[in-house]
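>>> need the 3D shape of this:
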Amino acid sequence: MVIIIGTWGLLRIEVLQTISEDRPDKGSMNWRVNVESHGFGGNLDSVWIWPVEFERFIDELVLLERIRQGKASLVSMSPEKLRLNVQSINHAGHMMVEGQLGRQVFIGNNSRLINVNFAFEFDPSLLPAALRDFGELNHSGNSNPL
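I've put the predicted structure just below:
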């Protein structure tokens, strides 16, 4: 589980399932995501992440942790469900989490995207633990296929 607590915000990610069978989506993860930011919040119980996208995010997060400049970005399989950025906000290496959590809903016969945008600063000394916790997501969760 990843929990980042910051100034006026919280991000919590838990792995529900990892595809372990030998099939095209092997390594894909299904996450439960909860976010709170400046009095707003949202949660989704099913956010699928491609393994190649997750590996790229981890590589970017490693670089961000090392040089304390730049950004690590992640987008879910369904881009409207999760957009996540962990990034530096100044040359001193202060950090923030920002993104969007959303879902499609039907109101009458019309489809609407309902989303929560979030952004909050967090203590940069928490970045190594966040990197470790994100890395451990790949090894957690129920490995049963759908």
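>>> the lengthiest helix in the chain - contacts with which helices or strands?
The helix spanning the most residues in the chain, taking DSSP state H as the definition, is helix 51-67. Counting contacts by 3 or more C-beta pairs under 8 Å, 6 or more residues apart in numbering; DSSP states H and E, helix 51-67 is packed against strand 71-75, strand 82-88, helix 127-137. (C-beta placed from N, C-alpha, C; glycine too.)
>>> quick check: angle from that helix to strand 82-88?
Inter-element angle recorded for helix 51-67 and strand 82-88: 20 degrees (by axes from the mean of the first three to the mean of the last three C-alpha atoms, to 10 degrees).
>>> got the angle between helix 51-67 and helix 127-137?
When the same axes, to 10 degrees is applied, the directions of helix 51-67 and helix 127-137 differ by 160 degrees.
>>> what about residue 22, neighbour count?
When neighbours are counted by other C-beta atoms under 10 Å, residue 22 registers 6.
>>> if anything else comes up later, I'll come back, but that's it for now.
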